[in-house]
Every structure is written in structure tokens, then in C-alpha cells.
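Colleague: next comes the sequence, and after it the predicted model I'd like to discuss.
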Amino acid sequence: MPKKNHLAAALAAFLPLQKTTGGDYARTIGLSAATISRLLSGDRPAVDTLHTMSTKWPDSRASLGLLVAHLRDEIDRAGRNQAEIEVTASTIDETDDIHLLAREARHDPELAAILHDFAKMIRAHKKRYPEANESDLRAAE
């Protein structure tokens, strides 16, 4: 059984804040309820699942919080210390941290692909919601 992670915790907090259930959330964004259940159990999401989660829910800033939680999981997975890499709304679109993780992921093409797509999704969110700030992200967690 997968261990709980940042994304699972953020998703568990996200659902009541958005006044929805896992099943309703899944239906709204076009994923299966089983996929959401697996994410809540700590499974690592596929890139297409992350893309769906970040683009299909009406509250884009809340979705951004889920993506940041997933990035924190990838930082852990890459063997980095969370304190080494600042992941905030103000720094997430800076390329330094993403490139650092990408260098760490040279041996892991799946991680490199996730990070590449993640960076694109974050830039799109920040462009759409430039007023998003760290408190928005923390509220989503």
C-alpha cells in the first residue's frame, strides 16, 4: 500500500473546501472515482491525470495547490530536502528549482516528463491568475 504523501493530504483537504466528494470531483473533471481514490491513498499520478486535475476544475487556483503538493512529492522522491528547494507561488515559475529537479531526474525519464509538464501547467495558471499568492496555495493544502 502506498504511503500518504503531500498530494494525498492536499486532495483530502481540497475536497471539503471545494464542497465536493471524491466521486463528484472525478465526474466533474473526467477521471474515474477509482483514480481519485488511488490518489487519496498515496498513489503517484500519471502526467495526464495531473493535466486533467489542473485544467478541468473551475477553481484554477485550488488546482494549483494540488500541483504544488505533487511537486513536493517529487522533491521527496528525487531525494531532495524540502528546505533546499523553495516551492511557492512567487518562485514556482522560476526555472532554477525545476532545472535542479530535472538534473536530479536524468536517470528517471518519467520524473523528467512530469516536471516538464508541471512547469508548463504552473506557468499557464500563473498567467491566468497572476494575483495567486502563497496563501492561496496553503489554503488549497
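Modeller: Yep, it's here. Residues are numbered from 1 along each chain as shown.

Colleague: quick one: residues contacting residue 35.
Modeller: 26, 49 (CB atoms under 8 Å, 6 or more residues apart in numbering). Using the backbone N, CA and C atoms, a C-beta is placed for each residue, glycine as well.

Colleague: change the start of the numbering to 54 and stick with it
Modeller: Understood, numbering begins at 54; the last thing we discussed is residue 88.

Colleague: pLDDT score for it?
Modeller: Predicted confidence (pLDDT) for residue 88: 97.

Colleague: give the contact list for residue 76.
Modeller: Neighbours of residue 76 in contact, by CB under 8 Å, 6+ apart: 86, 89.

Colleague: so it is in which element?
Modeller: Using DSSP states H and E, residue 76 falls within helix 75-82.

Colleague: after that helix, next one along is what?
Modeller: helix 86-93.

Colleague: got the CA positions of that next one in CSV?
Modeller: Output of helix 86-93 as CSV, limited to C-alpha atoms (Å, rounded to 0.1, in the frame of the first residue of the first chain):
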residue,chain,number,x,y,z
ALA,A,86,-13.6,7.7,-9.0
ALA,A,87,-11.1,4.8,-8.6
THR,A,88,-8.3,7.2,-9.8
ILE,A,89,-9.2,9.8,-7.2
SER,A,90,-9.4,7.0,-4.5
ARG,A,91,-5.9,5.8,-5.5
LEU,A,92,-4.6,9.4,-5.3
LEU,A,93,-6.1,9.8,-1.8
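
Colleague: could you check the angle helix 75-82 makes with it?
Modeller: Angle of helix 86-93 versus helix 75-82, following axes from the mean of the first three to the mean of the last three CA atoms, to 10 degrees, is 110 degrees.

Colleague: tell me the mean pLDDT for the very next helix or strand once past helix 86-93?
Modeller: From helix 86-93 onward toward the C-terminus, using DSSP H and E, the following helix or strand is helix 100-108. Looking at helix 100-108 alone, the average pLDDT works out to 85.

Colleague: angle of whatever helix or strand comes next after helix 100-108 against helix 100-108?
Modeller: Where DSSP H and E defines the elements, the next helix or strand beyond helix 100-108 is helix 113-130. In terms of direction (the same axes, to 10 degrees), helix 113-130 departs from helix 100-108 by 150 degrees.

Colleague: noted, bye for now.
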